[in-house]
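Student: predicted model and sequence below, questions to follow.
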Amino acid sequence: MRKISDNVQFIKDTAIKIGFDDCGIASPIVLQKDIEYLSRWIEEQKHGNIKYLEKNIAQKADIRKLLGNAQSVITLVQSYYPEKKQDENSTYKIAKYAFGKDYHEVMKNKADELIQAFQKKHKTAEFRIFVDSNTILEKAWAARCGLGWIGKNTLLLNKKLGSYMFICVILTDLVLDYDEMYEDHCGNCNACVNACPTKAIEKPYELNASKCIAYLTIENSKTDEPLDKGHTKGWIYGCDICQDACPWNKEIPFTKENLFKPNPELLSMKKKDWEALNEKSFEKLFKESAVKRIGFEKMKKNIASA
């Protein structure tokens, strides 16, 4: 086994104690191939009307622009795969990542805890945290840090955790040991490509976001445009179809994080409950959830389309 420094051992051990499932470290290199892919993808309008993806290209290419003396990129992942799920035959569906508390806050708080623990040893060390941030390419960094590979559905895949993971990236001025990258383990499997009902995965490793159910129910900002009835296949917030089809997600552990476990009230919702949802009950149900970001009006529209 490769010997690692005391600092790296402390970071990785503390990350696991705090509740992260894995931790990897990489050099803050320029992500040239990833940026070339992103630039072509945007040029081909495969990002739909998500205008914020067109911003911060220089920072996405070179993460060092976000911390001038950056020496290492630390990436942390945590499973959100729930033991209890919705009864898909009797209710409208939301993506599993939104079953519990808003992951932005949970992951940032955990990362803060890790940094505070480390700064007791190294008071002058600098850190910057990113969770689902448009300023960096988080999946690319997770892969670069040896936490998985980018699958054919363009999501991060990990042999032990599958793809139901949240990602947190920490940029630091510490000089640390770097991890080796994973090989791609998708092989000849095209389960995710074949499962997508809207053909959003146009070919392996090529997602047209504008066709994706997650985009249609969350990111699409044209709220005045009606969705085709049934086009979202019963999904009213996000979509897990390509992930559920993936063989790497068949025997994965359930999340250990209580804050990611499903809201019981959410799991009890039937179709009639969703259809009767009003603004007050929406605010109460999703008070601490990522779902609240789309607002009541879009949720109503999604339910009507489903």
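Tutor: Nice, I can see it. Numbers count the residues shown, from 1 in each chain.

Student: CA atoms for contacts and neighbours, from now on please.
Tutor: Will do.

Student: how long is stretch 284-304 end to end?
Tutor: 20 Å (C-alpha to C-alpha, to the nearest Å).

Student: give the buried residues for it.
Tutor: 285-286, 289-292, 296, 298-304 (16 or more other C-alpha atoms under 10 Å).

Student: dump these to JSON lines, plus distance to Cys212.
Tutor: Conversion of the buried residues of stretch 284-304 to JSON lines gives the following (distance: C-alpha to C-alpha, whole Å):
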{"residue": "Leu285", "distance to Cys212": "25"}
{"residue": "Phe286", "distance to Cys212": "23"}
{"residue": "Ser289", "distance to Cys212": "21"}
{"residue": "Ala290", "distance to Cys212": "18"}
{"residue": "Val291", "distance to Cys212": "17"}
{"residue": "Lys292", "distance to Cys212": "20"}
{"residue": "Phe296", "distance to Cys212": "21"}
{"residue": "Lys298", "distance to Cys212": "16"}
{"residue": "Met299", "distance to Cys212": "17"}
{"residue": "Lys300", "distance to Cys212": "19"}
{"residue": "Lys301", "distance to Cys212": "17"}
{"residue": "Asn302", "distance to Cys212": "14"}
{"residue": "Ile303", "distance to Cys212": "17"}
{"residue": "Ala304", "distance to Cys212": "18"}
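
Student: closest to Ser72 out of these?
Tutor: Closest approach to Ser72 among those (C-alpha to C-alpha): Ala290, at 29.5 Å.

Student: that closest one is in contact with Val106, isn't it?
Tutor: No: in this structure Ala290 lies outside contact range of Val106 using C-alpha atoms under 8 Å: 11.2 Å.

Student: how many residues are close by Lys199?
Tutor: Lys199 sits with 14 neighbouring residues when counted by other C-alpha atoms under 10 Å.

Student: all numbers from here: first residue = 424
Tutor: Sure, I'll start counting at 424 from here, so that last one is Lys622.

Student: check contacts around it.
Tutor: Counting by C-alpha atoms under 8 Å, 6 or more residues apart in numbering, Lys622 touches Val616, Lys634, Cys635.
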